[in-house]
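K.L.:
What follows is a predicted structure for the sequence shown.
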Amino acid sequence: MSPLAPDPRLGSARRSFFERGAAPVGAVPDAILHSWQRCQRHGLLVDAQPNAEPLTDGRLRELRQRRERLWRQARPELEGLAAEMTHSGSIVLLTDEDGWILDAEGSTGFLDKAGRVALMPGVRWDETSVGTNAIGTALVEGRALQVRGGEHYFAPHGILTCSAVPIMDPHGQCLGVLDVSGDARLPHLHALALVRQAVAQIEHRGFADGLPDCELLRLHHQPVLLGSAREGVLGFRGGRLVAANRAGLALFGLERHDIGRTPYEALFEQPLSRLADDGVLLDRQGRRLYGLRQPRGTRRAQGAPAQRLPQAPPVVAAVPRGPLFDAAQQAQLHAAGRVLQAGLPVLLQGETGTGKEVFARELHARSARAGRPFVAVNCAALPEGLIESELFGYEEGAFTGARRHGSTGLLRQAEGGVLFLDEIGDMPLALQPRLLRVLQERELSPLGGGKPVKLDFALVCASHCDLPQAVAAGRFRADLYYRIADHVVTLAPLRQHPDRGAVVDALWQQLGHDQALPAATRAALVACAWPGNLRQLSACLRTLVALAGPGQPAGPELLPDVVRNGAADTVPPVLGSTAALGEIAEAAMRQALAACEGNVSAAAKRLGISRSTLYRRLGAPRGG
């Protein structure tokens with residue numbers, strides 16, 4: 001690997017902060033700047049020697065014994081990742097929830113180098129001891145983080161680039177951190193994505209023995225992923241969500257703080273008995289989830305979900321649910337269904353939250369492929385460094401971190417069914433020619449060689465941005481656009497619905513548990529323009545139900561301020577269009593980044609634009 005050139009902006013940012021006392025906003029990630037500021041408040045002197053005295057061998061043994069369960073759960077990923085990191089000259093570290101390093105493996109040469117800055121077992125790498133670093137700062141921030149070279153607080157640590165992800169227990173409490181550290185002079189493109197995948201495996205293993213007095217649901221939109229670390233796992237006790245993994249929270253747009261607060265009825269339309277009947281549950285948005293119910297305190301048999309899961313039953317053309325399919329959308333569904341049946345691709349255009357995936361799933365349910373997989377791929381959410389391998393699959397040893405025996409890839413998982421490429425406008429430009437070739441030839445070759453594989457799937461794509469404008473701007477290939485846009489369906493935003501009151505009433509009938517909706521609350525809901533469209537409205541109604549409680553009125557005082565005060569009736573520009581993006585003030589983007597604590601993906605989602613657009617407009621640093 002070629003060494004990276006020093007970043008002059010980082011040196012300038014350090015001088016500005018440490019010598020002149022200025023805050024270099026935008027020059028370093030917000031998470032790094034906030035950490036520097038915390039370190040100063042802790043009284044750490046940047047020119048002092050970091051306090052990193054290792055434990056004695058006896059005390060380290062005691063510490064490891066107290067964290068034996070964490071070490072046992074993490075050991076397979078620690079060893080597997082370390083074997084790959086040896087070839088890239090990096091090391092893997094496991095810490096406890098206080099930042100004490102329990103174990104370190106990987107490149108022998110870099111272990112020695114790391115030891116010169118006390119990055120080794122028995123040393124505590126929290127912020128208050130060693131300043132800004134991936135382990136300690138990830139613990140403070142509670143999220144995945146990468147700290148590169150001079151972003152570390154203390155200058156001696158500038159030799160490191162570290163990628164850390166907190167490990168959470170089933171109840172949302174931090175158990176420790178998994179970290180990959182290497183030479184700051186070299187690129188670490190895949191490190192954070194690989195650590196995320198390893199942590200997902202560790203956290204998934206935490207549910208293997210079941211939970212005391214807790215009933216587990218193992219769920220996914222794609223039956224083939226049940227039993228893997230990508231399945232959602234939810235634990236309920238007394239009808240309330242008390243445990244979940246990251247995938248389970250993501251299925252419903254929940255956060256860690258929702259654990260312990262969310263009732264079962266706010267997530268699912270049907271009772272648990274339905275899952276035992278045919279292995280399918282409908283959530284409150286009408287989406288089908290395949291899964292298994294694991295009784296309280298029982299251990300899941302290894303590999304059992306794949307065998308015990310009932311076959312997905314053939315789905316007949318269902319009566320459309322609620323307000324999602326009015327007369328106009330019924331006509332759109334009928335036309336798009338005929339196009340899909342003819343073997344032609346369908347492109348869905350619409351703002352965030354207008355129901356593009358719901359529309360695509362209904363197309364699948366009404367098609368002749370209804371009994372086959374529906375594979376949804378969010379092109380904006382895949383790790384940027386791994387998107388090609390995730391889509392097309394790879395052979396063993398194709399790249400650093402490749403799993404043993406390789407991977408089939410998401411495209412092949414859609415065999416015989418429907419492939420849904422969401423946010424295809426955010427696909428990197430360099431990857432678009434290969435996707436075009438696969439779509440034209442319906443054949444792919446995995447990364448690293450291997451025999452070409454024939455593909456059979458119906459294609460539905462979606463994007464919140466205006467793809468013809470993206471083509472004109474050079475961000476999207478014209479030949480790929482014409483390949484996926486044989487039939488374009490534009491889903492109208494909620495603010496353009498001719499009868500918003502009917503939408504509110506129909507959704508409340510689904511979500512409100514037979515509670516009456518006070519007139520004042522309904523009036524505020526109808527008056528809101530809902531820039532987040534149906535997704536935002538549904539989330540607001542679910543929150544109303546949770547806040548009001550059983551049998552209590554959902555009064556307007558429970559609504560968010562922006563809805564209650566009527567401020568949301570002022571419709572912002574359509575952020576998905578190129579023209580509107582040109583009018584968005586840079587200050588608004590920076591405010592979004594600050595509100596999301598430097599998380600670029602979250603800020604882009606908040607604004608309704610792609611990550612690449614946000615990077616380009618602000619020069620935001622990638623990763624972390």
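P.N.:
Looks like it arrived, so ask away. Residues are numbered from 1 along each chain as shown.

K.L.:
alpha carbons only for contacts and neighbour counts from here, please
P.N.:
OK.

K.L.:
what sits opposite Val92 in the beta ladder?
P.N.:
Applying DSSP bridges to Val92 gives these bridge partners: Glu105, Val180.

K.L.:
hang on, it packs against Ala82?
P.N.:
Yes: contact criterion C-alpha atoms under 8 Å: Val92 and Ala82 qualify, at 5.6 Å.

K.L.:
And the two? Which one has more around it.
P.N.:
Taking other C-alpha atoms under 10 Å, Val92 and Ala82 do not tie; Val92 has more neighbours (29 against 23).

K.L.:
contacting residues around the more buried one?
P.N.:
Residues in contact with Val92, defined by C-alpha atoms under 8 Å, 6 or more residues apart in numbering, are Leu78, Leu81, Ala82, Met85, Ala104, Glu105, Gly106, Leu178, Asp179, Val180, Ser181.

K.L.:
any residues in contact with both of Val92 and Ala82?
P.N.:
With C-alpha under 8 Å, 6+ apart as the test, Val92 and Ala82 both reach Glu105, Gly106.

K.L.:
any weak-confidence spans in this structure?
P.N.:
In the predicted model, the chain carries pLDDT under 70 at residues 1-6, 276-278, 296-324, 381-409, 445-451, 513, 549-551, 566-624.

K.L.:
which strands and helices sit next to the longest helix seen in it?
P.N.:
What stands out as the longest helix in the chain, according to DSSP state H, is helix 68-88. With contacts defined as 3 or more C-alpha pairs under 8 Å, 6 or more residues apart in numbering; DSSP states H and E, the packing partners of helix 68-88 are strand 91-96, strand 101-106, helix 191-205.

K.L.:
For Gly26, which of the ones you listed is the nearest?
P.N.:
helix 191-205 (21.5 Å; C-alpha to C-alpha).

K.L.:
Show me what counts as buried in the closest one.
P.N.:
Of the residues in helix 191-205, 191-196, 198-205 count as buried by neighbour count, 16 or more other C-alpha atoms under 10 Å.

K.L.:
Out of those residues, which two are the most distant from each other?
P.N.:
Ala191 and Arg205 (21.4 Å).

K.L.:
can you give me the strands for the stretch 251-400 of the chain?
P.N.:
For the stretch 251-400 of the chain, the strands defined by DSSP state E, counting those that start in this stretch occupy 280-282, 288-294, 346-349, 374-378.

K.L.:
Could you do the stretch 401-550 of the chain as well?
P.N.:
418-422, 443-444, 453-454, 458-463, 487-490.

K.L.:
In a markdown table: the helices and strands packed on helix 68-88, plus distance to Leu435.
P.N.:
Converted to a markdown table, the helices and strands packed on helix 68-88 look like this (distance: least, C-alpha to C-alpha, whole Å):
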| stretch | distance to Leu435 |
| --- | --- |
| strand 91-96 | 34 |
| strand 101-106 | 35 |
| helix 191-205 | 22 |
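
K.L.:
what's the closest of the ones you listed to Leu344?
P.N.:
helix 191-205 (34.1 Å).

K.L.:
Compute the inter-axis angle for that closest one and strand 91-96.
P.N.:
Counting by axes from the mean of the first three to the mean of the last three C-alpha atoms, to 10 degrees, helix 191-205 lies at 40 degrees to strand 91-96.

K.L.:
what packs against helix 191-205?
P.N.:
helix 68-88, strand 160-168, strand 174-183.

K.L.:
which of the ones you listed is buried the deepest?
P.N.:
Neighbour counts (mean count of other C-alpha atoms under 10 Å) averaged over each of the helices and strands packed on helix 191-205 peak at strand 160-168, with a mean of 28.

K.L.:
quick one: His487 and Ala342 touch, right?
P.N.:
No: the criterion here is C-alpha under 8 Å, and His487 misses it with Ala342 at 11.3 Å.

K.L.:
Between those two, tell me which one has more neighbours.
P.N.:
Between His487 and Ala342, counting by other C-alpha under 10 Å, His487 is the more crowded of the two (16 against 10).

K.L.:
Show me what that one is bridged to.
P.N.:
Val346.

K.L.:
Tell me the spacing between Glu357 and Gly248.
P.N.:
Remark: distance between Glu357 and Gly248 (C-alpha to C-alpha, to the nearest Å) = 18 Å.

K.L.:
Could you do Pro166 as well?
P.N.:
Counting by C-alpha to C-alpha, the gap from Pro166 to Gly248 is 17 Å.
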